[in-house]
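> sequence and predicted model, in that order:
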Amino acid sequence: MTPPSTSLDTHDSPEFIDRRAPNRSDAIIAAALDAIISIDARGRVIEFNPAAQELFGYTRDEALGRAMEELIVPPSHRSAHALGITHYIATGEGPALNKRLELPAVRADGTELTVELIAVPVPSEDGIEFTGFIRDITQAKLLREQLAASERRYRLLLQRATRIVTVLEPDGTWRTSLGMRALGYPDDYDVDGGILTLTHPDDREKVRGAVAGWVAHTRGLDDQLDLRVRSADGSFRTMLTAGENLSSEPDIGGIVLRSWDVTEERARARGLAQAHARLQAMIASQPSAVLLEGDDGKIVLANDRFTELFWTGTSEELQNRDLLDPAGWKADVWQDPVAFRESTLALIRSGKTVVGERFETRNGRVLERDCVPVTASDGSFVGRMWRYDDITAQVRETQQLSDRNQMLEEIAVLKNQFVATVSHELRTPLTSVVSFAELLGDPDLGPLTDEQRAMLEIINRNTHRLLRLIADLLLLARLEAHTLPLELTEVSLPPLIREVTDELTPPALEAGIDLAVDVADGCTLFADRGRIHQVLANIIGNAVKYTPRGGSVMVSATGAHNGWTITVSDTGVGIPEADLPQLFEAFFRASNSQGPTGGTGLGLATSRRIIDLHGGQISVESDESVGTTVTIWLPASPPGSEALGRHQMAEV
């Protein structure tokens, strides 16, 4: 609104004439609340009302006659202002005239402001004048900009938030939705019906009921519901939705729904629930009393067996209780509840695994408990598992067994003492009988008739048999009492086997039995030679004794680096199957072995105990009327005998 001339005309110029005469219009201009500034065709101020003075900081006298662009137009806009006036004067066209414009302006102190301007051309005696009606909108514009920015930020936050906001009209019809980005949709996605349209068909009835509740104010923020909502990829996500009727709020005037994605949370919850159910089923099936304690010292689970032992209520009532809270526990359990609580607390503080801790209850039961700390896959502590077993019956059985074993040991001692005493008492007179029988057979005392000689032979045979029986009894007693030491030496087994078979060959030939030996070389045994000789004599002797004329006995031995396997096979009468389990018991004789050739029933019992002392094994296989095979396994040395053997060899 400044003429193209660059000259500055002031009110001091003799050419400037104030053509306005005081009238009613002047009074109106002076009283106007908006700033009113009029300029002539050259852009000089010809009117500057009080409101303009207050707004721009110039007095009327300072403003009149001055070029307006120097007063209120910012330097960056002065050129455009001058061109606009020039264009209007030249063409009569003014695109910016008679319109409400928002423009920058400047005060006398140099501060800028934003004004709203309506400029109108006014014909005058000199041709044309321009009057501008100006209002300061700086604060209003700032507030608008702040409000617009706030709205943009709010909408952007809602669009990009993880929660979806849906606004319904007071009657429940859809108004708008924001934040659909949470379901993979574009930021500005606002489908008709919003989230309610995208819900799963099976959830529609639930939605209608919820909307009715929000409309009627009977449903609030606490009444949340899960809705399955279709996401951009077509899958359904679980959205937890809460609603609030804010129809009475002027700024909202509707129902606001907030929805957030809880799909993973619900999946985790289902997984935890399933794991909890499996754990609960597993604990419930345990025969022991089991309790799970959380990392906060609260009870997580307990099975029915636990409540039967300790608790007065149900398993469910135990959940979330303090483990060390004494209230509710059965009174007849703890002999000293305080001491038990302190011991449990000390165990918890130690953080250690405890297995097999025993204590007695007030009602006489014996309980055994385990405490096992439980850690997660990352090693973090998550709680403890307590397990209690009522072992009263086992303890009593163990005690009874211990008492029985002690009694048996005492009986064995008494038996051995009795056997030793009786054997001693029998051996003395039998020795006398043998001595006098030998005297009777002395030729110097006179000849004997055939009948006398036969009687004397019977006496000798039976007394020697009794002496052997006594010797076997004493040996068996010492073996059972574990008081018989082994005289361990290095033994070459092949010569020992041949020695025994050589001793038994004459009676075998006399009985018409073929006695054969097949022994290969092998390792040297560390054994009691005399006792092994005794075992071989018993086993091979039995084979010869119970094999009828024309039969055969085969003795074989195979050596390895760690021991020997000896087998004695015969074609004798065999052993009934029913008798095999008792074959190694003292005084037991097979049912088909009775007769003049029968033994005392101590040979196999003694042999087995000698083999056991050497750390070996002996077994029998037999078919009645077919034959018997006895197998012996002897290790290279008895268990724990290496040091003893070196000591004995050093003494030798």
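Great, that's in hand.
> for the stretch 151-300 of the chain, just list every one of the helices.
Using DSSP state H, counting those that start in this stretch, the helices of the stretch 151-300 of the chain run over residues 194-197, 204-215, 263-284.
> quick one: which of these is nearest T312?
helix 263-284 (19.3 Å; Cβ to Cβ). Heads up, the C-betas are built off the backbone N, CA and C, glycines and all.
> that closest one - what's its average pLDDT?
Helix 263-284 shows a mean pLDDT of 84.
> just the buried positions in that helix, please.
263, 280, 283 (16 or more other Cβ atoms under 10 Å).
> for the nearest residue to W260 once chain neighbours are set aside, which residues are in contact?
Leaving aside its sequence neighbours, W260 sits nearest to R163 (Cβ to Cβ, 6 or more residues apart in numbering; 4.4 Å). Neighbouring residues of R163 by Cβ atoms under 8 Å, 6 or more residues apart in numbering: 179, 182, 258-260.
> farthest pair in those?
Once Cβ to Cβ is applied, those give A182 and R258 as the farthest pair, at 11.1 Å.
> of these two, who's got more company?
Taking other Cβ atoms under 10 Å, A182 and R258 do not tie; A182 has more neighbours (22 against 18).
> you'd agree the more buried one is up against V165?
No - with contact defined as Cβ atoms under 8 Å, A182 does not reach V165; the gap is 10.1 Å.
> how about R531: what's its closest non-neighbour residue?
I610 (4.7 Å).
> distance of the nearest residue to D261 once chain neighbours are set aside from A269?
Distances taken as Cβ to Cβ, 6+ apart put R237 closest to D261, at 5.4 Å, once the chain neighbours are dropped. Between R237 and A269 the computed distance is 15 Å (Cβ to Cβ, to the nearest Å).
> any shared contact partners between A182 and R258?
163-164.
> returning to what we had before: would TSV of the helices of the stretch 151-300 of the chain with distance to E409 be doable?
Shown next, in TSV, are these (distance: least, Cβ to Cβ, whole Å):
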stretch	distance to E409
helix 194-197	85
helix 204-215	79
helix 263-284	44
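> out of those helices, which is closest to I29?
helix 194-197 (55.4 Å).
> list the contacts for E129?
38-41, 46, 121-123.
> looking at the chain, which helix or strand is least sure?
helix 642-651 (a mean of 39; mean pLDDT, DSSP states H and E).
> C-alpha coordinates for the helix or strand where L309 lies, CSV please?
Here L309 sits within helix 304-310, counting by DSSP states H and E. Output of helix 304-310 as CSV, limited to C-alpha atoms (Å, rounded to 0.1, in the frame of the first residue of the first chain):
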residue,chain,number,x,y,z
ASP,A,304,-3.8,-84.0,49.0
ARG,A,305,-1.2,-86.2,50.6
PHE,A,306,0.5,-83.2,52.1
THR,A,307,-2.8,-81.8,53.5
GLU,A,308,-3.6,-85.2,55.0
LEU,A,309,-0.3,-85.2,56.9
PHE,A,310,0.0,-81.5,58.0
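> residue nearest the centroid of the chain?
Nearest to the geometric centre of the chain sits A376, at 5.2 Å (Cα atoms, centre = their mean).
> quick check: closest non-adjacent residue to that residue.
Here the residue nearest A376, using Cβ to Cβ, 6+ apart, is V382, at 5.2 Å.
> how near is the one you found to P373?
In this view, V382 and P373 are 9 Å apart by Cβ to Cβ.
> quick one, which of those two is more surrounded?
A direct count of neighbours by other Cβ under 10 Å for V382 and P373 places P373 higher, at 17 against 13.
> pretty sure L347 belongs to a helix, no?
Yes - judged by DSSP: H, G, I helix; E, B strand; the rest coil, L347 forms part of a helix.
> that one reaches C371, doesn't it?
Yes - assessed by Cβ under 8 Å, L347 is found in contact with C371 at 5.7 Å.
> what do the two both touch?
Joint contacts of L347 and C371 (Cβ under 8 Å, 6+ apart) are 354, 357.
> shouldn't the residue nearest to A376 be within a helix?
No - assessed with three-state DSSP, V382 is strand; it does not lie in a helix.
> residues touching it, list them.
Here V382 is in contact with 294-295, 374-376 (Cβ under 8 Å, 6+ apart).
> walk me through the domains of the chain.
Domains of the chain are assigned by automatic domain parsing as 24-136, 143-261, 268-390, 396-478, 485-648.
> do me a favour and get the end-to-end distance for the first one?
The first and final residues of domain 24-136 sit 26 Å from each other (Cα to Cα, to the nearest Å).
> now do it: distance to the chain's middle.
In terms of Cα atoms, centre = their mean, to the nearest Å, the gap separating the centre of domain 24-136 from the centre of its chain is 83 Å.
> for the stretch 351-500 of the chain, which spans come out with low pLDDT?
Counting by pLDDT under 70, the stretch 351-500 of the chain has low-confidence residues at 411-428, 430, 432, 434, 436-437, 439, 444, 464-484.
> that one: strands as residue ranges?
Secondary structure of the stretch 351-500 of the chain (DSSP state E, counting those that start in this stretch): strands at 354-360, 366-375, 381-390, 488-491.
> using CSV, write down the CA coordinates of the second one.
Pointing back at strand 366-375 there. Provided in CSV are the C-alpha atoms of strand 366-375 (Å, rounded to 0.1, in the frame of the first residue of the first chain):
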residue,chain,number,x,y,z
VAL,A,366,8.7,-91.0,61.5
LEU,A,367,8.8,-88.6,58.5
GLU,A,368,11.6,-88.1,56.0
ARG,A,369,11.8,-84.8,54.1
ASP,A,370,13.7,-83.5,51.1
CYS,A,371,14.2,-79.8,50.2
VAL,A,372,15.3,-79.0,46.7
PRO,A,373,15.8,-75.5,45.4
VAL,A,374,14.3,-74.9,42.0
THR,A,375,15.9,-72.7,39.4
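> give the other helices and strands that that strand contacts.
strand 354-360, strand 381-390 (3 or more Cβ pairs under 8 Å, 6 or more residues apart in numbering; DSSP states H and E).
> partners of that strand, with directions?
strand 354-360 (antiparallel), strand 381-390 (antiparallel) (DSSP bridges).
> buried set for that strand?
Here strand 366-375 shows 366-371, 373 as buried, counting by 16+ other Cβ under 10 Å.
> then the first one?
Applying a neighbour-count criterion of 16+ other Cβ under 10 Å, one finds F359 buried in strand 354-360.
> what's in contact with that strand?
335, 340, 347, 366-372, 391.
> repeat that with 7 Å
Residues from elsewhere that reach strand 354-360 (Cβ atoms under 7 Å, 6 or more residues apart in numbering): 335, 347, 366-371.
> how far off centre is that strand?
Taking Cα atoms, centre = their mean, one finds the center of strand 354-360 at 24 Å from the center of the full chain.
> over to the last one?
Remark: strand 488-491 is offset 58 Å from the chain centroid, using Cα atoms, centre = their mean.
> same deal with stretch 497-506?
70 Å.
> and G364, what are its phi and psi?
Per-residue torsions, G364: phi 90, psi 0 (degrees, to the nearest 10).
> next, work out how far apart it and Q335 are.
Distance from G364 to Q335, by Cβ to Cβ: 10 Å.
> who has more neighbours, those two?
Q335 (12 against 8).
> just checking, that one touches R362?
Yes - the pair Q335 and R362 passes the contact test of Cβ atoms under 7 Å, sitting 4.9 Å apart.
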